[in-house]
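**Q** here is a sequence together with a model predicted from it:
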Amino acid sequence: MRAISIALAVIGGCALVAAVVIELATGNAAGVGWVLAGPAPFYVAGLVGAFRGQRGNRVAVWLLAAGATFMLGVCLSDAVTDLPVVAGASFAWIVVLAGQCASSASVAAGVGLIGLFPTGVPERPGERWALRATAAMAIVLPLLLMVSSPTPPASLFQPELAIASPLFLPAAQPVEPVAAALQYSFAAWIILGVIMLYLRYRRSSPADRRRIRWLLAGMGGAVVLFAALTVVSLSAGSGAFAVASVFVLWALAVILTLGSLIVPLSQDGVFGIDRSARRSMVYRALWLLIAVVYVAAAAAIGLIAGQQLPLEAAVLLVAAAALLFQPAQRRLERLADRWVFGDRLDGYEVLTRFGAMLETSPGPSDLLPRLAAAIREGLGLQWARVRLDLPAGGSLPTAGAAGLEPGDAPEAALIVPLIHAGTVFGRIECGDRRDGALLDEDRRLLANLAGQAAAAARNLHLTAELSDRLDLIRRQATELTASRARVAQTQDAERQRIQRDLHDGVQQDLVALTANLALARERLRRGDPRADESLAELQRDMSGLLGQLRDFAHAIHPPVLADQGLLEAIEAQAARLPLEVVIEADPALRGVRYPQPVETATWYVVSEALTNTVKHAQARRVLVALAQPDGHLAVEIRDDGCGFDQATVRGLGLASLADRVAIVDGTLCIDSGPGRGTTLRAEVPLTAAGAGDG
């Protein structure tokens, strides 16, 4: 394929240079214009397509073949018509035959270019037979003319020449009219390529159909222009107006033909046109195509009418035709738009549908996916995603997407923030359109959609905030219920302990005292000298019981706490313990009184911590620090005992301490580990004076 492209490029380039040199040498400026406006555009476009972008693209090679053979045919025709030295040479008939074969070959290459688009390769037996028949006719027709005519008749690109044909056979002369007619009509074989293209369109995939639509539309417009060109050339004579009309119509036909090829080929990177530029070209070429076909049809009718009718009647006929063609023009515009871009909505309809969707008030769980789906379908995007700036882990979704599989994370072609009242609540992310890059109008439309979606995003933010607050309230209510349950359990356990201590301690001592008192009375009644000994023992037992009662009452609520204060109560409690207790406190705190709930809760923490240290810590020394920093009352109990694993120890005692501190809005922190002692720190705000009764 590479070698074929190089050979065609060399042939076409040499023919282009030779044709321009011949026309300049003979002073034919119009001929130079025809060379540059006729075959040159096809040759140059094919050359660029074959050697730029994707190398070896077969459609570009077909285009190069059509342009190179067309250029070769024009060059050889100019050589025999403009150069007498060539026309009078003995090999002139070979030049004529080669020129006719080259011109016919350009038609055959055009059939392959159009009929095999967009792959450039035959896919069915019928396509192969059509190409073979066209190629055979391109060779047979020039030979048949040489055999059946003594001099070459006028062909598609060459006037009649007085050059004797050495191949002429008088017996074949009756065939000459048929061969000449076939030669003249051979250019119409390009319609065979259009038919092949339509049949290929019917069985192609959606992606290939979008590209084939362009060529079908362009060739349809080119056929109309070529028909108008034929009418003008046959009816307007050879004046300046006819020449100018033919030139303009030919230029428009070439633009439509090449444009309908370049746009879809650029989607494959053949011409190196980026997607944004291609989209701009698409919009301009679409309307140009419809307008040119409309004007050409009206002009052709006007020219025909001008030859047969008076000027006034011709003008009226053209005006009537223009009015009658307007509905067809609008229908063609809609059809071309749907062919090229597929089904899509205009901006107003997109906004209307988007607003209607928001008015249906979708639930918070499906709002974001529905927003993304509406944006994607309304603009014809590959994918769309709506993200909200919500806290992670909440009950509401933070993103919704359309056109993406789970786990996909493509790079966004455009990101538009969702702004309401100057606050950014999220963003819209989207990819390119399904048929190309985003246009400026898409960006403006997406900005308008973002303005509508921002209000819904704000409502979802408010819903998320309300949901979070409700969750917090539910958690706090659950914690409060659990705390109350633990407090109730602690109070029940405390009552059971008091009942057990009274039953097993004081009650048993009172029973023993009652028995001893009865024994002493009996001895006194009998005059037993041991009565004094019984009474002395009874007095000692009463004193011990009184001490137990004082300790018992002190454990429930020490009188020193109510009478003197917190620091004094801590010192009194520490004095009762069988281990070293060091108290660190600012002397200014001595005698300071705090609200009763604060004092009770703080003393309870210290007392319970010291009791646990004596029972479980196996400590030798305990430090109790009391301070009043920044409007808080802080107490810290630190021992050098064995410590414990906080992850495994679960008990009602620590939970009850935390609940007791929480009642006065305080905090409790415990730091402990096996072998490194235990540190317990509680802080209570002094503003919680009325926070319960402890």
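**A** That came in fine, so what should we check first?
**Q** alpha carbons only for contacts and neighbour counts from here, please
**A** Will do.
**Q** tell me which stretches of the protein form strands.
**A** 384-388, 399-402, 414-420, 423-430, 580-585, 621-627, 632-639, 667-672, 678-685 (DSSP state E).
**Q** report the angle between the axes of the last one and strand 632-639?
**A** Our comparison of strand 678-685 with strand 632-639, counting by axes from the mean of the first three to the mean of the last three Cα atoms, to 10 degrees, yields an angle of 170 degrees.
**Q** strand 678-685 - contacts with which helices or strands?
**A** Contact partners of strand 678-685 among helices and strands, from 3 or more Cα pairs under 8 Å, 6 or more residues apart in numbering; DSSP states H and E: helix 596-612, strand 632-639, strand 667-672.
**Q** 7 Å instead?
**A** strand 632-639, strand 667-672 (3 or more Cα pairs under 7 Å, 6 or more residues apart in numbering; DSSP states H and E).
**Q** got it, and the third one?
**A** For strand 414-420, the elements it packs on are strand 423-430, helix 440-501, judged by 3+ Cα pairs under 7 Å, 6+ apart.
**Q** now the strands of the chain in TSV, with distance to residue 475?
**A** TSV is the format used below for these (distance: least, Cα to Cα, whole Å):
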stretch	distance to residue 475
strand 384-388	25
strand 399-402	26
strand 414-420	31
strand 423-430	27
strand 580-585	38
strand 621-627	32
strand 632-639	26
strand 667-672	18
strand 678-685	22
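**Q** looking at those, which is closest to residue 601?
**A** Closest to residue 601 of the strands of the chain, according to Cα to Cα: strand 678-685, at 8.8 Å.
**Q** let me know the angle separating the closest one from helix 596-612.
**A** Using the same axes, to 10 degrees: strand 678-685 against helix 596-612 is 180 degrees.
**Q** what lines up beside strand 678-685 in the sheet?
**A** Paired strands of strand 678-685, with direction, are strand 632-639 (antiparallel), strand 667-672 (antiparallel) (DSSP bridges).
**Q** pLDDT score assigned to the most centrally placed residue in the chain?
**A** Nearest to the mean C-alpha position of the chain, counting by Cα atoms, centre = their mean, stands residue 430 at 3.7 Å. Residue 430 carries a pLDDT value of 87.
**Q** residues contacting it?
**A** Going by Cα atoms under 7 Å, 6 or more residues apart in numbering, residue 430 touches 383-385, 412-415.
**Q** burial of the nearest residue to residue 619 once chain neighbours are set aside, as a residue count?
**A** Distances taken as Cα to Cα, 6 or more residues apart in numbering place residue 641 nearest to residue 619, at 3.9 Å, with adjacent residues excluded. Neighbour count of residue 641, defined by other Cα atoms under 10 Å: 21.
**Q** go on, residue 126?
**A** 11.
**Q** for the helices and strands packed on strand 414-420, which has the smallest mean pLDDT value?
**A** Here the helices and strands packed on strand 414-420 differ in mean pLDDT, and the lowest is helix 440-501 at a mean of 72.
**Q** how far away is the residue nearest to the centre of the chain from residue 92?
**A** Residue 430 is 66 Å from residue 92, where distance means Cα to Cα, to the nearest Å.
**Q** do residue 3 as well
**A** Counting by Cα to Cα, the gap from residue 3 to residue 92 is 30 Å.
**Q** per-residue pLDDT of residue 96, please?
**A** Value listed for residue 96 in the pLDDT field: 84.
**Q** ok, it - contacts?
**A** Each residue near residue 96 by Cα under 7 Å, 6+ apart is listed here: 76-77.
**Q** distance of it relative to residue 32?
**A** For residue 96 relative to residue 32 (Cα to Cα), the value is 20 Å.
**Q** likewise for residue 635?
**A** 106 Å.
**Q** same drill for these two, tell me which one is more crowded.
**A** residue 635 (22 against 17).
**Q** now the helices for the stretch 1-150 of the chain?
**A** Per DSSP state H, counting those that start in this stretch, the stretch 1-150 of the chain carries helices over the ranges 2-25, 29-37, 39-51, 58-82, 84-87, 92-115, 125-148.
**Q** which of those helices sits closest to residue 263?
**A** Between these, helix 39-51 lies closest to residue 263; by Cα to Cα that is 11.7 Å.
**Q** quick one: the closest one to chain centroid distance?
**A** From the chain centre to the centre of helix 39-51 is a distance of 38 Å (Cα atoms, centre = their mean, to the nearest Å).
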